[in-house]
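Visitor: All I have is the shape, not the residue letters:
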């Protein structure tokens, strides 16, 4: 469960960091993980995209302020390397597949202080 949450966070760094919602909406990694958890099977090659886009879009729409976007980014980076088997190519492609446009790459090397 903890591994799933961590993976989901990394996956939605792009979607969340671009449009994070009010502080309460992205107050911590638990919130971010709850949005991206449905993406885990897809980014680990164990299942289809399924309901992943609903979470990606929800997180994107929930994040509005720069502070929230940076919080989400930092959370995703924290967990990015902690879940084995994540295909970073698939994770990075989620925003596009889900119809969310973000101006940065979903990557552990993203500088969250520059996310706006």
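Guide: Perfect, thanks for sending it. No experiment lies behind these values; they were computed from the predicted model shown.
Visitor: what element comes up after the longest helix seen in the chain heading to the C-terminus?
Guide: Under DSSP state H, the helix in the chain containing the largest number of residues is helix 66-80. Toward the C-terminus, helix 66-80 is succeeded by helix 88-97 as the next helix or strand (DSSP states H and E).
Visitor: Give the burial count for residue 44, as a bare number.
Guide: By other C-beta atoms under 10 Å, the residues close to residue 44 number 18. In this view, the C-beta of every residue, glycine as well, is placed from N, C-alpha and C.
Visitor: Can you tell me how far it is from residue 62?
Guide: Applying C-beta to C-beta, to the nearest Å, the value for residue 44 to residue 62 is 24 Å.
Visitor: which stretches of the chain have low pLDDT?
Guide: Applying pLDDT under 70 to the chain flags the ranges 1-25, 27, 79-81.
Visitor: And the strands in it?
Guide: Assigned by DSSP state E, the chain shows strands spanning 20-21, 63-64.
Visitor: mind listing what's buried in stretch 74-91?
Guide: By neighbour count with 16 or more other C-beta atoms under 10 Å, stretch 74-91 contains the buried residues 74, 75, 76, 77, 79, 80, 83, 86, 88, 90, 91.
Visitor: quick one: the first one from residue 86, how far?
Guide: This means residue 74. Separation of residue 74 from residue 86 (C-beta to C-beta): 18 Å.
Visitor: Excluding sequence neighbours, find me the nearest residue to residue 75.
Guide: Take residue 75 and drop its neighbours on the chain: the residue closest to it by C-beta to C-beta, 6 or more residues apart in numbering is residue 29, 4.1 Å away.
Visitor: let me redo that: residue 50
Guide: Here the residue nearest residue 50, using C-beta to C-beta, 6+ apart, is residue 38, at 6.0 Å.
Visitor: Ok, residue 48 next?
Guide: The shortest distance from residue 48 to any non-neighbouring residue, by C-beta to C-beta, 6+ apart, is to residue 42 (6.4 Å).
Visitor: Tell me how many other residues crowd the one you found.
Guide: 22.
Visitor: is it true that it touches residue 49?
Guide: Yes: between residue 42 and residue 49 there is a contact under C-beta atoms under 8 Å: 5.0 Å.
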